[in-house]
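1. The amino acid sequence is not available; the structure is as follows:
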């Protein structure tokens, strides 16, 4: 379980995260929802240690986050994070070199699933292809948790459908997924838990099916309520 | 991997240096031969009477400027790359920093990889330059007529060039001092860059302040304690020791600061 | 019997629990004859991929169906649709009842005598059945009233 407790983070003077607390359990798909600039990407970066956090705690499986967890948590960022002159196959080798949890077979399978050409240079990829490659890099390792930052943004419809398929496949099974997205429509029925981020806090944290059965509300309904307060 | 990324530029610099310097030597030799011929034609006398024997050493001295150009260029490129080696991972379409900073290996490895890369480039270029000297002499010998040629020692040839006096010094002590200074500057630079990457705008201020402070510390013994004149308060050896101690302190502090920032404070 | 068909994507409504919608989908398929009594159904994982839902949701829906005795799992073998006639009839009755309720409440707004209504229903129904013969042939087991 990934747990945030009272996390505060300042950025350019203002508190982007102001006492944020929520959990993302293993085996569940949790979605962080928030308006632009609400701090969703910051949360991801904070969990991954790409951004220092002075106040609050970030715990993974009960232990404070640290270098030890990099084999267990994969990150799929919203843009390319590999040298542009590298070929996709070289990128895979790079990951294999550094990560003990790298699963080369799954990587190859994913490359086929997404129909990616291993010999192509990363700098030449279109946005959709780049996003798929990022997914390969993030899903191939045998990690317990996968963090995805805006996996759908700026991507064509068919690529989006392909990516959404990942969520219902065995690639996700038993892993804990934490994602952020604007495209709630694509994933509304796939998410187990939603966390609505507003004013740097988790305004609401709920199980989606429970919300549907007890209050007959969809995630979008709840979002509307929260933002109109 | 860091070296791999730079290889094209490195080869280009090496190629350029070789080209410029060797051409300079060749032109110089041919020019001299030309002069002699002209003299002969004009006066009918043997050139040896007027001209001293052709020597590589003198050729090097005469072509100093041309020799210095590619060297200066290489230095400039390396200085720029000392910055770029960090910044290219943060800026641009593929922010490799995200990947690097979430690798399971220690972050200090990133620091040392970049440091050793730059040092490797420096020493490769220096070594290459040294290699070029005897090659240049061979080329010179091929162009100049045998009877006019005076043998030269490479060491003399090197010494004839002002730039080389600094970059390819004769004594180990000088080497240590010159390159040591360069390495310390590099370490301070790395620390400043990491300060900026950790604290952004404020980081630039911190970085400049840190660099300035280190610079002051370095020259303090020289200026205040009279390292350069013997009537100062301290014995020369003591002053040297103080200088060394300060240098050592700066090295340790800069490396420690760089590593600390990279591990705990740096942001994407 | 179409094994591939019926497992295409279902349009899910976001306001109702997805797992219940899956259960209803199963019921509809049983009643329509696309799923026969005792037929083997896909595993939880497979269902997730087929319907494009979260594997947890598939899990939940199976649990619900087991509790309602819609499906039976013996030991380690794959789950099957129940062969219990009572259950099957109850499902049919349930769905029919729901459809009729919906129809009745929609049609109550129109003031019409029952005989006229029944005649209309009969003719409309026959019309609907005859205009899609391909479906009937393929189903090969659809019940007609």
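-> Thanks, I have the structure now. Source: prediction; values computed, not measured. Residues are numbered from 1 along each chain as shown, chains lettered A, B, ... in the order given.
2. Can you show me the helices along chain C?
-> C:18-31, C:44-51, C:55-67, C:85-107, C:114-130, C:133-139 (DSSP state H).
3. Show me what secondary structure element comes after the longest helix along chain A.
-> Ranked by number of residues, the top helix in chain A under DSSP H is helix A:127-139. Counting by DSSP states H and E, the element after helix A:127-139 in chain order, helix or strand, is strand A:145-149.
4. same question for stretch B:89-109, mean pLDDT?
-> Throughout stretch B:89-109, pLDDT has a mean value of 88.
5. does chain A sit close to it?
-> Yes - Stretch B:89-109 lies within reach of chain A by C-beta under 8 Å from any C-beta of the partner chain, at B:92-99, B:101-107. Backbone N, C-alpha and C define where each C-beta goes, glycine included.
6. Show the contacting residues for residue 123.
-> Assuming you mean chain A. Each residue near residue A:123 by C-beta atoms under 8 Å, 6 or more residues apart in numbering or on different chains is listed here: A:84, A:85, B:93, B:94.
7. residues contacting the third one?
-> Spelled out, it's residue B:93. Shown in contact with residue B:93 (C-beta under 8 Å, 6+ apart): A:79, A:80, A:84, A:123.
8. hmm, which of those are the buried ones?
-> Listed as buried from those are A:79, A:80, A:123; burial here means 16 or more other C-beta atoms under 10 Å in any protein chain shown.
9. Report how many residues lie close to residue B:133.
-> Number of residues near residue B:133 (other C-beta atoms under 10 Å in any protein chain shown) recorded here: 22.
10. any idea how far the closest residue to it other than its chain neighbours is from residue B:56?
-> Leaving aside its chain neighbours, residue B:133 sits nearest to residue B:154 (5.1 Å; criterion: C-beta to C-beta, 6 or more residues apart in numbering or on different chains). As judged by C-beta to C-beta, to the nearest Å, residue B:154 and residue B:56 stand 9 Å apart.
11. if you count what's nearby, which of these two comes out ahead?
-> Just comparing residue B:154 and residue B:56: by other C-beta under 10 Å the higher neighbour count belongs to residue B:56, 28 against 16.
12. Can you get me a residue count around the residue of the stretch 151-268 of chain B found nearest chain A?
-> Residue nearest to chain A within the stretch 151-268 of chain B (C-beta to the nearest C-beta): residue B:268, separated by 4.5 Å. Neighbour count for residue B:268, taken as other C-beta under 10 Å: 19.
13. So what does the nearest residue in space to it that is not next to it in sequence look like in phi/psi?
-> Spatial nearest neighbour of residue B:268, chain neighbours left out: residue A:50 (4.5 Å); criterion: C-beta to C-beta, 6+ apart. Dihedral angles of residue A:50 (phi, psi; degrees, to the nearest 10) stand at phi -90, psi -10.
14. wouldn't residue A:50 be in contact with residue B:102 here?
-> Yes - applying C-beta atoms under 8 Å, one finds residue A:50 in contact with residue B:102, separated by 6.6 Å.
15. For beta bridges, what are the partners of the most centrally placed residue in chain A?
-> Per C-alpha atoms, centre = their mean, the C-alpha nearest to the average position across chain A is that of residue A:148, at 1.7 Å. Listed beta-bridge partners, residue A:148: residue A:76, residue A:179 (assigned using DSSP bridges).
16. Tell me who's in contact with residue B:117.
-> Counting by C-beta under 8 Å, 6+ apart, residue B:117 touches B:2, B:3, B:6, B:85.
17. doesn't it fall inside a strand?
-> No - per DSSP: H, G, I helix; E, B strand; the rest coil, residue B:117 lies outside any strand segment and is helix.
18. Give me the pLDDT for it.
-> 88.
19. what do you get for the one 4 residues further on?
-> Per-residue confidence at residue B:121 stands at 87 (pLDDT).
20. Roughly how far does it sit from residue B:132?
-> Distance, residue B:121 to residue B:132, by C-beta to C-beta: 16 Å.
21. out of the two, which sits in the more crowded spot?
-> Neighbours per residue (other C-beta under 10 Å) separate residue B:121 from residue B:132, with residue B:121 holding more: 23 against 19.
22. Quick check: what element follows the helix or strand hosting the more buried one along the chain?
-> Residue B:121 belongs to helix B:108-143 when assigned by DSSP H and E. Elements were assigned by DSSP H and E; along the chain past helix B:108-143, the next helix or strand is strand B:149-150.
23. ok, then the element right after that following strand?
-> Remark: after strand B:149-150, the chain's next helix or strand is helix B:154-159, criterion DSSP H and E.
24. ok, now which ones touch residue A:221?
-> Contacts for residue A:221 (C-beta under 8 Å, 6+ apart) come out as residue C:15.
25. Count the neighbours of residue C:64 for me.
-> Close neighbours of residue C:64, defined as other C-beta under 10 Å, add up to 17.
26. and if you look at the one 10 residues further on?
-> Here the count is done by other C-beta under 10 Å, and residue C:74 has 8 residues near it.
27. In the chain, what residue spans correspond to strands?
-> No chain in the question, so chain A it is. Applying DSSP state E to chain A gives strands spanning A:2-11, A:14-24, A:29-34, A:55-60, A:63-64, A:73-76, A:145-149, A:176-180, A:193-198, A:201-207.
28. You answered for a different chain; I wanted chain B.
-> Applying DSSP E to chain B gives strands spanning B:54-55, B:149-150.
29. Deepest-packed of those strands, please.
-> strand B:54-55 (a mean of 22; mean count of other C-beta atoms under 10 Å in any protein chain shown).
30. Show me what the longest helix of chain A is packed against.
-> If you count contacts as 3 or more C-beta pairs under 8 Å, 6 or more residues apart in numbering or on different chains; DSSP states H and E, helix A:127-139 packs onto strand A:73-76, helix A:88-98, helix A:104-113, strand A:145-149, helix A:157-167.
31. Now the third one: buried residues?
-> With burial defined by 16+ other C-beta under 10 Å, the residues of helix A:104-113 counted as buried are A:106, A:107, A:110, A:111, A:113.
32. before we move on, back to that, make JSON lines out of the contacts of residue A:123 and add distance to residue C:51.
-> Formatted as JSON lines, the contacts of residue A:123 follow (distance: C-beta to C-beta, whole Å):
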{"residue": "A:84", "distance to residue C:51": "39"}
{"residue": "A:85", "distance to residue C:51": "42"}
{"residue": "B:93", "distance to residue C:51": "37"}
{"residue": "B:94", "distance to residue C:51": "37"}
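33. Of the residues you listed, which pair is most distant in space?
-> Using C-beta to C-beta, these reach their maximum pairwise distance at A:85 and B:93, which is 11.4 Å.
34. Residue A:145 touches residue A:26, doesn't it?
-> Yes - at 6.9 Å, residue A:145 counts as touching residue A:26 under the criterion of C-beta under 8 Å.
35. if we can go back for a sec, which one of the strands of chain B has the lowest average pLDDT?
-> Among these, strand B:149-150 carries the lowest mean pLDDT, at a mean of 72.
36. tell me how far that strand is from the chain's mean position?
-> How far strand B:149-150 lies from its chain's middle: 31 Å, per C-alpha atoms, centre = their mean, to the nearest Å.
37. Who are the contact partners of the residue in chain A positioned nearest to chain C?
-> In chain A, the residue that lies nearest chain C is residue A:218 (3.3 Å; C-beta to the nearest C-beta). Each residue near residue A:218 by C-beta under 8 Å, 6+ apart is listed here: A:188, A:212, C:14, C:15.
38. any idea how far the residue of the stretch 101-250 of chain B found nearest chain A is from chain C?
-> Proximity of the stretch 101-250 of chain B to chain A (C-beta to the nearest C-beta) peaks at residue B:104, 4.2 Å away. Distance of residue B:104 to chain C, given as C-beta to the nearest C-beta, to the nearest Å: 28 Å.
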